[in-house]
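Visitor: sequence plus the predicted model coming up.
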Amino acid sequence: MRIYDWLPLRTLTVALLGYMVSACTVSTDPSSSTPGSSRHGMNQQEKIQVFAAVNFDRLKEDMAKGRGEHLTSFAVLLGVPPEQQAEFFTFTQEKFSVLFPSGQVTATEMVAALTRELSSHPQIHQTLAMN
């Protein structure tokens with residue numbers, strides 16, 4: 001079989017994977033009886049941890065640059081208001097070496113470091129879902 005005979009299958013596979021990833025959104029069920037929980041049983045802290053773990057490498061890249069779509073999505077999930085997102089992006093870039101002190105840092109450790117660092121930044125910290 002020639003390589004170009006596999007292209008339709010490969011294209012279909014990539015399209016399906018892209019659809020599945022884009023369909024994996026985190027939404028909160030406003031009718032839930034437990035504050036901060038969703039219809040899938042995840043509270044906001046768990047959503048933050050899962051997002052950070054799934055998107056860890058891209059978040060790291062975006063934080064190093066101080067911009068990017070994964071960092072923007074993370075900011076929204078954290079509850080950073082749109083008018084403070086630019087400040088948050090700059091903050092993560094400036095604190096990059098604290099958030100990622102080594103190559104072995106996990107997503108959980110990064111989120112914990114970010115929480116600690118943001119606690120000393122009252123302009124952003126007051127509005128976050130991390131509280």
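Guide: Cool, got the structure.
Visitor: helices along the protein, start to end?
Guide: Secondary structure of the chain, counting by DSSP state H: helices at 7-23, 44-54, 56-65, 69-78, 85-94, 96-99, 107-119, 122-125.
Visitor: make a markdown table out of those helices and add mean neighbour count and mean pLDDT.
Guide: C-betas here are computed from N, CA, C, even on glycine. Formatted as a markdown table, the helices of the chain follow (neighbours: other CB atoms under 10 Å; pLDDT from 0 to 100):
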| stretch | mean neighbour count | mean pLDDT |
| --- | --- | --- |
| helix 7-23 | 10 | 46 |
| helix 44-54 | 17 | 95 |
| helix 56-65 | 18 | 97 |
| helix 69-78 | 19 | 96 |
| helix 85-94 | 18 | 95 |
| helix 96-99 | 15 | 96 |
| helix 107-119 | 17 | 94 |
| helix 122-125 | 14 | 66 |
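Visitor: confidence score at the residue nearest to Asp62 when sequence neighbours are not counted?
Guide: Distances taken as CB to CB, 6 or more residues apart in numbering place Gly68 nearest to Asp62, at 3.1 Å, with adjacent residues excluded. You'll see Gly68 listed with a pLDDT of 97.
Visitor: quick check: Gly68 touching Arg58?
Guide: Yes. Using CB atoms under 8 Å, Gly68 is in contact with Arg58, at 7.2 Å.
Visitor: quick one, phi/psi of Gln104?
Guide: Main-chain torsions, Gln104, degrees, to the nearest 10: phi -100, psi 10.
Visitor: ok, it to Met110 distance?
Guide: 11 Å (CB to CB, to the nearest Å).
Visitor: could you pull up the contacting residues of the nearest residue to Gly66 once chain neighbours are set aside?
Guide: Once flanking residues are discounted, Gly66 sits nearest to Gln93: 3.4 Å by CB to CB, 6+ apart. Listed by CB atoms under 8 Å, 6 or more residues apart in numbering, the contact partners of Gln93 are Met63, Ala64, Lys65, Gly66.
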